[in-house]
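Q: with the sequence up front, the predicted model follows.
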Amino acid sequence: MSVARQGVLLGVAAYVLWGLSALYWPLVEPTGAVEILALRVLWSPVAVGLLVLAIGRRRQVAAILRRPRDLALLALAGVLTSANWGLFIWATMSGHVVDASLGYFITPLVSVALGVALLGERLRAWQWAAIGLGAAAVAVLTVAYGGLPWIALGLATTFGAYGLIKKRVGVGAAEGLMVETAVLFPFAVVYTVVIQASGQATFGHVSVANTLLGIGSGFVMMLPMLLFSAATTRIPLSVVGMLQFIEPVVQFLIGVLVFREVMPAARWAAFGLLWVSLAMLTAEGFRRQSPASAADPAPRRSSRSSRTASSAVRDQEGRP
């Protein structure tokens with residue numbers, strides 16, 4: 001088997017496992033979403049720490065701790081990704097898996113919009129059209145829901161902002177994730193102690209299975225993280241960027257086929273608009289990478305560009 005094919009298979013496996021995490025969190029009930037998030041923050045440094053030791057990144061972690069700017073940015077990134085995960089966990093436990101998948105479908109469009117607004121990037125006509133269709137999809141859902149699809153927008157905005165920050169820091173996956181989770185660790189400890197002392201905690205009080213699943217909340221990311229890291233060394237980022245859509249597709253299928261979430265006509269219409277939008281964004285990315293377009297002058301795009309569907313990768317340091 002060729003190295004490139006190995007990389008594709010590793011990437012597919014990573015994204016499928018990330019998508020399947022939507023099935024994990026409901027298993028931890030009756031533990032609530034906030035307590036699960038705290039458990040995840042408690043156990044993630046342990047899981048990531050083992051990964052850091054295994055791949056020999058201790059010096060890189062120590063170097064980050066000596067750079068106040070990077071440390072502050074990673075702390076902010078940790079807050080954003082925790083908010084993202086907390087909302088995702090709540091959504092999967094509350095019958096909103098399809099809305100969660102919508103959020104991760106929207107994320108590339110939000111990332112492009114942030115690049116324009118904050119980094120001064122210039123877009124081509126097809127990219128503007130893609131963003132317009134994405135906005136139309138949100139408008140359709142707003143009318144259908146009687147309000148903004150806040151779950152999807154919350155997930156897309158927090159993760160888009162997270163990706164923007166991580167591009168400004170530019171640290172490796174394992175060491176960045178180690179610092180992010182370690183920064184939030186004390187807050188998770190305080191929260192856990194408070195709810196344990198007040199008798200509101202479920203962790204350790206329901207069953208052995210529930211306790212083990214709670215501990216597993218920090219480790220559930222390690223296997224896909226390792227697979228993803230292995231994939232990125234074998235295939236171009238453009239390919240990895242295309243594979244990123246596997247995750248929300250898996251989540252969408254879980255929501256519709258496993259949890260039997262209702263899909264009225266308006267929701268199908270919104271998803272249809274969004275999928276056309278992403279196809280346009282992807283096609284434009286491939287066109288820009290073709291030899292013919294490489295010779296043409298292109299609009300300026302920052303080296304810290306936010307991710308597009310085909311030319312950049314979802315920063316999986318934020319998808320543990």
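A: Everything's here; your move.
Q: CA atoms only for stretch 30-37 - export them in CSV, please.
A: Extracted C-alpha coordinates of stretch 30-37, given in CSV (Å, rounded to 0.1, in the frame of the first residue of the first chain):
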residue,chain,number,x,y,z
PRO,A,30,-27.3,10.9,33.9
THR,A,31,-24.1,13.0,34.2
GLY,A,32,-24.9,16.4,32.7
ALA,A,33,-23.1,18.3,30.0
VAL,A,34,-21.2,20.7,32.2
GLU,A,35,-20.0,18.0,34.5
ILE,A,36,-18.9,15.9,31.5
LEU,A,37,-17.0,18.9,30.2
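Q: list the buried residues for it?
A: Buried residues in stretch 30-37, defined by neighbour count with 16 or more other CB atoms under 10 Å: 31-33, 35-37. Every C-beta, even on glycine, is put in place using the N, C-alpha and C of the backbone.
Q: sketch out the low-pLDDT regions of this structure for me.
A: Low-confidence segments of the chain (pLDDT under 70): 221-222, 226, 229, 232-233, 237-238, 240-241, 285-286, 288-320.
Q: how about the strands in it?
A: Assigned by DSSP state E, the chain shows no strands.
Q: wait, what's in contact with the residue nearest to G11 when sequence neighbours are not counted?
A: In space, and not counting its chain neighbours, G11 is closest to A231: 3.7 Å by CB to CB, 6 or more residues apart in numbering. Contacts here follow CB atoms under 8 Å, 6 or more residues apart in numbering; on that basis A231 touches 7-8, 10-11, 14, 240, 243.
Q: do I106 as well
A: I106 sits next to 134, 137-138, 152-153, 155-156, 274 when contact means CB under 8 Å, 6+ apart.
Q: just to revisit the earlier point, would you list the buried residues of stretch 30-37 in CSV and tack on distance to L74?
A: Compiled in CSV, the buried residues of stretch 30-37 are given as follows (distance: CB to CB, whole Å):
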residue, distance to L74
T31, 28
G32, 27
A33, 24
E35, 25
I36, 23
L37, 18
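Q: which members of the contacts of A231 occur in helices, if any?
A: Per DSSP state H, helices hold the following members of these: 7-8, 10-11, 14, 240, 243.
Q: out of those, who's the most crowded?
A: A14 (27 neighbours; other CB atoms under 10 Å).
Q: okay, it and G214: tell me how far apart.
A: Distance, A14 to G214, by CB to CB, to the nearest Å: 23 Å.
Q: next one: the closest residue to E284 other than its chain neighbours from V79, what distance?
A: Using CB to CB, 6+ apart and skipping the chain neighbours, the partner closest in space to E284 is W126 (4.4 Å). Separation of W126 from V79 (CB to CB) stands at 34 Å.
Q: just to revisit the earlier point, if I look at the residue nearest to G11, how far off is V52?
A: A231 is 19 Å from V52, where distance means CB to CB.
Q: ok, now L20?
A: Remark: distance between L20 and V52 (CB to CB) = 25 Å.
Q: and for L253?
A: Distance, L253 to V52, using CB to CB: 34 Å.
Q: G154 now?
A: According to CB to CB, G154 and V52 sit 30 Å apart.
Q: does A173 really touch A230, like I thought?
A: No - under the criterion of CB atoms under 8 Å, A173 makes no contact with A230, lying 11.3 Å away.
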